[in-house]
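Chemist: The following block contains a protein sequence and its predicted model.
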Amino acid sequence: MKNLTRILSTKVLLSHQKQVLTDVGLEVLESNFIQVEFKKFELKGIKDNLIFTSQNAVRSFLTHPKLEELKSELQQKKVFCVGVKSKTILTDAGFEVVAYTDYASDLAEIISLIYANGSYTFFSGNLRKETLPLALKAAVIEFNEIEVYETKLNPHKITTTVDAILFFSPSGVESYLKENTIKKELCFCIGETTAEALENKHIKNIIIAEHPSVENVVTEVKEYYYN
């Protein structure tokens, strides 16, 4: 194993995720740099197809107090989502996922090229990127948007020296950099959009997970240091 042994995760990992790293001798520090709050929203004006680009949007939607009452109606609608985890959660809840991709840009392309005749409701968060809405507008696709969760930055100073940092969202990057700097630390990113947030700050020492999930970030770290 290389000398680099102490890593910081910018979100608190699940116990089994952390275990993967500690089992190979890595010291793991954890701290939540963002906070997510589900919002109150109305399930009205829902179009024929549903779009989710984050797990938080999926979870907020599925915990809506009137979901059970409207479930049979909503389950008639087709679903398009980003992330295999979101796809699994939605499928387990009885929804038909027509297409899922790793990135919103890819999902927007599929919808624009193949499913442009449909109408869509996009369930989003307050810090969502413009990628999908701009693509739908450009393709003149009918859609509306319902904001179902809010991401709040939780910046704080890390005084312990670390050798690597795990980032899981652009907002996590933004929050971390409000109180901390990145010099020689290796940055593991959940995906390309998160990596871009670092690159925009002229940070180059970046490794991107093969697929955008927490598990894949953890696997990337393990393979880098252990193999």
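Modeler: Structure received.

Chemist: for this structure, which helix is longest?
Modeler: For the chain, the helix reaching the highest residue count under DSSP state H is reported as helix 214-226.

Chemist: Each with direction, which strands does the lengthiest strand in the chain pair with?
Modeler: Determined from DSSP state E, the single longest strand within the chain is strand 142-153. Paired with strand 142-153 in the same sheet, following DSSP bridges, are strand 34-38 (antiparallel), strand 119-125 (parallel).

Chemist: contacts for it?
Modeler: The contact list for strand 142-153 (C-beta atoms under 8 Å, 6 or more residues apart in numbering) reads 33-39, 41-42, 45, 47, 51, 54, 56-57, 60-61, 118-127, 133, 136, 169, 171, 174-175, 178. For glycine as for every other residue, the C-beta is placed from the backbone atoms N, C-alpha and C.

Chemist: Buried subset of those, written for ChimeraX?
Modeler: What follows is the ChimeraX syntax for the buried subset of the contacts of strand 142-153, where burial is set by 16 or more other C-beta atoms under 10 Å:
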select :33,34,36,38,51,54,56,57,60,61,118,120,121,122,123,124,125,127,133,136,169,171,174,175
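
Chemist: before we move on, the earlier item: quick one: buried residues of the longest helix of the chain?
Modeler: Quick answer for helix 214-226 (16+ other C-beta under 10 Å): 214-221, 225.

Chemist: then that helix to PDB, C-alphas only?
Modeler: Extracted in PDB, the C-alpha atoms of helix 214-226 (Å, rounded to 0.1, in the frame of the first residue of the first chain):
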ATOM      1  CA  VAL A 214     -21.100   6.300  -3.600                       C
ATOM      2  CA  GLU A 215     -20.200   2.600  -3.900                       C
ATOM      3  CA  ASN A 216     -18.100   3.300  -7.100                       C
ATOM      4  CA  VAL A 217     -16.300   6.100  -5.400                       C
ATOM      5  CA  VAL A 218     -15.400   3.800  -2.500                       C
ATOM      6  CA  THR A 219     -14.300   1.100  -4.900                       C
ATOM      7  CA  GLU A 220     -12.100   3.600  -6.800                       C
ATOM      8  CA  VAL A 221     -10.400   4.700  -3.500                       C
ATOM      9  CA  LYS A 222      -9.900   1.100  -2.400                       C
ATOM     10  CA  GLU A 223      -8.400   0.000  -5.800                       C
ATOM     11  CA  TYR A 224      -6.100   3.100  -5.900                       C
ATOM     12  CA  TYR A 225      -4.600   2.500  -2.500                       C
ATOM     13  CA  TYR A 226      -4.800  -1.200  -2.100                       C
END
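
Chemist: what residues are up against the one residue sitting closest to the centre of the chain?
Modeler: For the chain, the residue nearest the mean C-alpha position is S54 (5.1 Å; C-alpha atoms, centre = their mean). By C-beta under 8 Å, 6+ apart, S54 lies in contact with 82-83, 86, 124-125, 128, 149.

Chemist: mind running it again at 10 Å?
Modeler: The neighbours of S54, taking C-beta atoms under 10 Å, 6 or more residues apart in numbering as the test, are 36, 60, 81-83, 85-86, 104, 123-125, 127-128, 148-149, 151, 169.
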